[in-house]
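Enquirer: Below are the sequence and a predicted model; questions follow.
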Amino acid sequence: MSIKLGDTPYVERVQEGLHNDFMRQAVASAQGRFRSGKRKRAEELGNWEEWRSLGEEIRTHTLENIDYYLQQLSDQVAERGGNVYFAEIPEEANNYIRNVVKKKNGKKVAKTKSMVTEELGLNEALKKDDIDIVETDLGEWILQLDEDPPSHIVTPAIHKDKESIKRTFTEKRGYQKSDDPEELAAFAREQLRQEFLSADVGITGCNFAVAESGAITLVTNEGNAEMVTALPDTQITVMGMERLVPTWEEMEVLVSLLTRSAVGQNLTSYITAITGPRLEDEIDGPDDYHLVIVDNGRSNILGTEFQSALHCIRCAACINVCPVYRQVGGHAYGSIYPGPIGAVITPLLDGYEDHKELPYASSLCGACTEACPVKIPLHEQLIRHREIIVEREDLGSSSEKIAMQGYAQWASNPAAYKLSSKMARTALKPWTKGEKVTNGPGPLKGWTDTRDFPAPSKQSFRAWFKDRQKGGEV
Amino acid sequence: MAIKNRESFLNNLAANLGRPRRKQGVERPTWSFNPQQEVLKGFTQDDLVDVLEKQCDVIHTTFKKTDLAGLNDTLKETIENYGNSIIASNDSRNEEYGIGDLLSVMKQNNPDMEVHFWDSSKDKENQTFAERADIGLTFSDITLAESATVTLFNDKDNGRSISLLPKTYIAIIPKSTVVPRITQATEKIHKANQRGEKTPSFVSFISGPSNSADIEMNLIVGVHGPTMATYILVDDM
């Protein structure tokens, strides 16, 4: 895998999402549960806005001084007997990791869920050497057996129902019990336990690296990261270069923001901080430790107006509030990073060419910006992407270009605005039933196939407000 | 040990930030807000224990409260409920809390009972036992009330496997170890680090049994780690 998922055109991906009833229902219900959990935890704290400000301040300071903190981190890891490798491009990271595995004569690698290794296409790279790679997060294991990409960055198999999971287990692993989630999980536990015990190398991602001491923090619920870091003799941590904090004190603030925002938990069941290889006389943990720090396009974002996108702590709060994600699901984005943050960082990391539709997969309602625990102005960055696509990159469709060029005039000129609102209503008339557009043309088709689109109002808000002030009818 | 490709990588970051490399002299600023210090502020030790107890419900963990005299019975009952084989850390507190004596008496009275204390001289044998054990038993080094979390500083006498591989997990929580939240634990680690003390190779913050919501968002308790957990709070104050 890489950042980009497959070559299916955007419109088809959206259509697939819109027609996947299970997925849409599952996503809607998950969004509701994630959001109420987050809200409850945030309310408990009372001063959530202060927490967000602190999170933003920590991220801003760290990114402004990222060269210093990465130097400190790598010094600390080396002092504890670990190896550190800086990789600018995926090939460098993959080749380094392949070499480590080869040197150990490793046959089996146990992995935890890690978005950066998905970016690298690490699994595919290791397969070239006939390495058996086992994803050990329950959701990722299901996807691996089914050869399906993740559709959410926290709950990757959210688009799968239990019947299809049972089918996968039966076909691929000879499972014979029911589709009860408890039984399915018990089967996964039994199967994966053997994998943990027989793995030669453990590979994990990294939630937050602590520069002052070289600790790598992993945030999980299942306990698989603890298995992967406790049992194999060789261990490799792969981290996106921005996933770091100055000290343990900032680590806990960001972990608190992450677990509350991601899953509505005060803390997840396991927060684990590992530092280098095992110490003298320790039995658990690796005797050979490697930290791979990955750039892969991130440095190009530094020093630009998009720098705050690197503040992301991968909690998915923006995904969980996004009305567009709710309708189309994760795969429609065609990126391993879906939702608002995906629409912001995918074009930055992988270029506009393949992802120019993503900044438009947004209603610009701003819910994402409000949900972000480190205050990334996501919807503003989406608008900037649109401007850049249209003006600088020359990639917009011609009608979009005309629309964008006219946007400033249109928005700033009440007469023009009134006229075009009216025109829209007239233009959509053939597809309008009462106050709803039921079978829209062109870009509206995907939307109105599964729901109605509100018809442009007979009266614009401004007109209504003016009338109301005059005491007119509402 | 080796650091590779660092200079060109970090020089590039500095260049993109439009300034020279910062190799030293960066100070953490004083943050404008410190809301983490306000959580459960002013709570007495007893108040914090109440918070801990309530939170245990949320994380599917059995909570028991006792004193040093009552620990023997409480622990015995919990162990009998969870199984026959137990692996415990080689903790200096074992003797003080009577853990060693209790387990050897239990073993004498029950021929099926197996007891293993973590022993660094026995290498991987420890893991093998932990893997098939019914129960893992450790003390909590720092206990976080807000999230009902036990903090373990794992080392040569307290292997990571103990709280991870067995089917169930029991934590003994001296009341004096309870603090409001993770803030106080990481502050302690940060200060030790500043004094030049070595950070443990593995710090575990554990909140109850392992779980997952990866199948249709159903909460499944007990995935890779223990499937059940009990905290025994002991009044040591």
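Expert: Received the coordinates, thanks.
Enquirer: Three-state assignment for the residue of chain B found nearest chain A, please.
Expert: The nearest approach of chain B to chain A comes at B:G225, 2.8 Å away (C-beta to the nearest C-beta). No exception for glycine: its C-beta is placed from N, CA and C like everyone else's. On the three-state scheme (DSSP: H, G, I helix; E, B strand; the rest coil), B:G225 is labelled coil.
Enquirer: Compute the number of surrounding residues for the closest residue to it other than its chain neighbours.
Expert: Nearest non-adjacent residue to B:G225, counting by C-beta to C-beta, 6 or more residues apart in numbering or on different chains: A:G223, 2.8 Å away. Per other C-beta atoms under 10 Å in any protein chain shown, the neighbour tally for A:G223 reads 28.
Enquirer: Touching, A:G223 and A:T268? I think so.
Expert: No: counting by C-beta atoms under 8 Å, A:G223 does not reach A:T268; the two are 10.3 Å apart.
Enquirer: show me where chain B has helices.
Expert: Taking DSSP state H as the criterion, chain B carries its helices at B:6-16, B:45-58, B:68-82, B:93-96, B:99-109, B:125-132, B:182-194.
Enquirer: Any chance of CSV for those helices, columns distance to A:I301 and mean pLDDT?
Expert: Below are the helices of chain B laid out as CSV (distance: least, C-beta to C-beta, whole Å; pLDDT from 0 to 100):
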stretch, distance to A:I301, mean pLDDT
helix B:6-16, 8, 98
helix B:45-58, 38, 97
helix B:68-82, 51, 97
helix B:93-96, 50, 95
helix B:99-109, 53, 96
helix B:125-132, 43, 96
helix B:182-194, 29, 98
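Enquirer: Determine which of the ones you listed approaches A:R386 most closely.
Expert: When the helices of chain B are compared by C-beta to C-beta, helix B:6-16 sits nearest A:R386, at 23.9 Å.
Enquirer: just checking, what packs against that closest one?
Expert: For helix B:6-16, the elements it packs on are helix A:66-79, strand A:83-87, judged by 3 or more C-beta pairs under 8 Å, 6 or more residues apart in numbering or on different chains; DSSP states H and E.
Enquirer: what do you get if the cut-off is 7 Å, keeping everything else the same?
Expert: Applying 3 or more C-beta pairs under 7 Å, 6 or more residues apart in numbering or on different chains; DSSP states H and E, one finds that helix B:6-16 contacts helix A:66-79.
Enquirer: Point out the other helices and strands that the helix it packs on packs with.
Expert: strand A:83-87, strand A:244-245, helix B:6-16.
Enquirer: try it again with 6 Å
Expert: Using 3 or more C-beta pairs under 6 Å, 6 or more residues apart in numbering or on different chains; DSSP states H and E, the elements in contact with helix A:66-79 are strand A:83-87, helix B:6-16.
Enquirer: Give me the buried positions along that helix.
Expert: By 16 or more other C-beta atoms under 10 Å in any protein chain shown, the buried positions in helix A:66-79 come out as A:66-74, A:76-78.
Enquirer: now that helix: how far from the chain's centre is it?
Expert: Computed by C-alpha atoms, centre = their mean, to the nearest Å, the separation of helix A:66-79 from the middle of its chain amounts to 26 Å.
Enquirer: what angle separates it from helix B:6-16?
Expert: 160 degrees (axes from the mean of the first three to the mean of the last three C-alpha atoms, to 10 degrees).
Enquirer: what does helix A:66-79 rub up against?
Expert: For helix A:66-79, contacts defined as C-beta atoms under 6 Å, 6 or more residues apart in numbering or on different chains pick out A:84, A:209, A:211, A:213-214, A:244, A:276, A:291, B:1, B:3, B:10, B:13-14, B:21-22, B:26.
Enquirer: ok, 8 Å please
Expert: A:62, A:83-84, A:86, A:209-214, A:241-242, A:244-246, A:275-276, A:289, A:291, A:293, A:302, B:1-3, B:6, B:9-11, B:13-14, B:17, B:21-24, B:26 (C-beta atoms under 8 Å, 6 or more residues apart in numbering or on different chains).
Enquirer: Just the C-alpha atoms of that helix, please, in CSV.
Expert: Output of helix A:66-79 as CSV, limited to C-alpha atoms (Å, rounded to 0.1, in the frame of the first residue of the first chain):
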residue,chain,number,x,y,z
ILE,A,66,11.6,19.8,15.3
ASP,A,67,15.2,19.5,14.2
TYR,A,68,16.3,20.1,17.9
TYR,A,69,13.9,17.6,19.3
LEU,A,70,14.7,14.9,16.7
GLN,A,71,18.3,15.3,17.5
GLN,A,72,17.7,15.0,21.2
LEU,A,73,15.5,11.9,20.7
SER,A,74,18.0,10.1,18.5
ASP,A,75,20.8,10.9,20.9
GLN,A,76,18.8,9.4,23.8
VAL,A,77,17.8,6.3,21.9
ALA,A,78,21.4,5.7,20.8
GLU,A,79,22.6,6.2,24.4
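Enquirer: Contacts only, for the residue in the stretch 151-300 of chain A that chain B sits nearest to.
Expert: Per C-beta to the nearest C-beta, A:G223 is where the stretch 151-300 of chain A lies closest to chain B, at 2.8 Å. For A:G223, the contacting residues are A:269-270, B:164, B:210, B:223-226, by C-beta under 8 Å, 6+ apart.
Enquirer: again, only using 6 Å
Expert: Contacts of A:G223 (C-beta under 6 Å, 6+ apart): A:270, B:210, B:224-225.
Enquirer: Return the distance of it relative to A:F196.
Expert: Using C-beta to C-beta, to the nearest Å, we find A:G223 at a distance of 10 Å from A:F196.
Enquirer: which residues does residue 165 contact?
Expert: In the absence of a named chain, this looks at chain A. Taking C-beta under 6 Å, 6+ apart as the test, what A:I165 contacts is A:142, A:184.
Enquirer: Chain B is the one I meant
Expert: Taking C-beta under 6 Å, 6+ apart as the contact definition, B:L165 lies against B:130-131.
Enquirer: Having no further points to raise, I will conclude here.
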